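In: coords please:
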Amino acid sequence: QLVESGGGLVQPGGSLRLSCAASGITLDHSAIGWFRQAPGQEREGVGCISRSVGTTYYTESVKGRFTISSDNAKNTAYLQMDSLKPEDTAVYYCAAAPYYCSSFRNHYGHWGQGTQVTVSS
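Out: Residues are numbered from 1 along each chain as shown. Got it, this is the predicted structure:
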């Protein structure tokens with residue numbers, strides 16, 4: 001089970017940190033992907049981390065602004081979002097897969113319920 005938290009309303013240029021708490025899934029053996037879905041749009045990959053493989057990647061639109069990390073002792077992954085823009089507004093999801101990252105949604109077998117992020121003045 002994955003549970004996201006930390007979403008909310010923030011002004012453009014602001015920051016938020018999302019958390020993805022895992023239970024029944026060990027981050028030591030998992031990749032955690034972050035996705036987002038804006039109204040009327042497809043769910044898109046934001047990035048992914050796999051501590052076991054030593055991989056972290058980001059989609060181009062968030063590079064330099066978003067940072068993915070994980071605390072395996074707490075079995076929790078994080079998405080730090082800085083310099084937020086209105087176009088970052090979406091429901092954000094975390095997802096888990098064994099070991100390896102992928103930008104494809106079908107790669108991930110476990111999903112959280114999502115948390116709303118709204119960037120607006």
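
In: which one is Gln11 nearest to, not counting chain neighbours?
Out: Excluding its sequence neighbours, the residue lying closest to Gln11 (C-beta to C-beta, 6 or more residues apart in numbering) is Ser121, at 5.3 Å. Every C-beta, even on glycine, is put in place using the N, C-alpha and C of the backbone.

In: Report pLDDT for the one you found.
Out: On the pLDDT scale, Ser121 is placed at 94.

In: Any idea how many residues pack against it?
Out: Ser121 has 8 neighbouring residues, counting by other C-beta atoms under 10 Å.

In: any idea how far it lies from Lys85?
Out: 11 Å (C-beta to C-beta, to the nearest Å).

In: What is the least confident helix or strand in the chain by mean pLDDT packed up against?
Out: Ranked by mean pLDDT, DSSP states H and E, the helix or strand of the chain with the weakest confidence is strand 55-58, at a mean of 92. Applying 3 or more C-beta pairs under 8 Å, 6 or more residues apart in numbering; DSSP states H and E, one finds that strand 55-58 contacts strand 44-50, strand 66-71.

In: how far away is Leu2 from Ser103?
Out: Counting by C-beta to C-beta, the gap from Leu2 to Ser103 is 18 Å.

In: the more surrounded of those two?
Out: More crowded of Leu2 and Ser103, by other C-beta under 10 Å: Leu2, with 22 against 14.
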